[in-house]
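>>> sequence and predicted structure are below.
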Amino acid sequence: MPDPQAGARPAPGRPIVLASASPRRSALLREAGPAFASMRIMTPHVEEGSDPLENARLKAEACAGMNPQAIVIGADTVIRLGNETIGKPAGLEDAKRILAKLSGRTHDVVTGVCVRCLEADILVRFEEATHVTFRTLTPEAIDGYIGKVNVLDKAGAYAIQEHGDEIIEKIDGSLTNVIGLPVERLKETVEYLLKLS
């Protein structure tokens, strides 16, 4: 369990803000337990790079400035294939190229998470990686998948929760991380912070 930086401690019941426009992330957290039932959603406006941990920090900091009392959660997910980082596709042709590159290979889904509270001087950051192995995909299979799923807003041009069985052979690690948020680890972290007094 990561420890918060030294400083004031958060009181129980401190509000929670998710700094993300992703409906998948908000749905995952709302299902995670009562601590997240009244969570607020904010859309951060930041310029993202290729580092998911830094992107998560930028998102959390942007929203924490407007909510200094809240525990703010920022997150960003990318695909890593060897030394290459893959984000969201630029268009449908790019999506086809990405899926063809992932075909028959194992890649990492990496989510960077930042939990920030300005008033309590808290900054916790971590990354979670899940190994995902794709089936060998024909061009026809790729076209069929793209015809069923909106791939343009998804890192790696796919969503495991949307016809994922057609393209994914196996996963090793957190399933929710592949969807967009390592809920198990994040829930443990936030509940730990909320209990401090």
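Ah, there it is.
>>> which residues touch the residue lying closest to D153 once chain neighbours are set aside?
Leaving aside its sequence neighbours, D153 sits nearest to K88 (C-beta to C-beta, 6 or more residues apart in numbering; 6.2 Å). Quick note: C-beta positions are derived from backbone N, CA and C, even for glycine. By C-beta atoms under 8 Å, 6 or more residues apart in numbering, the residues touching K88 are 152-155, 157.
>>> hey, where'd the strands end up in this structure?
16-19, 40-42, 71-81, 84-86, 106-117, 122-134, 168-172 (DSSP state E).
>>> mind putting those into a markdown table with mean neighbour count?
What follows is the strands of the chain, written out as a markdown table (neighbours: other C-beta atoms under 10 Å):
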| stretch | mean neighbour count |
| --- | --- |
| strand 16-19 | 25 |
| strand 40-42 | 16 |
| strand 71-81 | 24 |
| strand 84-86 | 15 |
| strand 106-117 | 23 |
| strand 122-134 | 19 |
| strand 168-172 | 13 |
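>>> tabulate these (a markdown table), appending mean pLDDT and distance to E93.
Formatted as a markdown table, the strands of the chain follow (pLDDT from 0 to 100; distance: least, C-beta to C-beta, whole Å):
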| stretch | mean pLDDT | distance to E93 |
| --- | --- | --- |
| strand 16-19 | 97 | 31 |
| strand 40-42 | 96 | 32 |
| strand 71-81 | 95 | 18 |
| strand 84-86 | 93 | 15 |
| strand 106-117 | 97 | 20 |
| strand 122-134 | 97 | 19 |
| strand 168-172 | 97 | 22 |
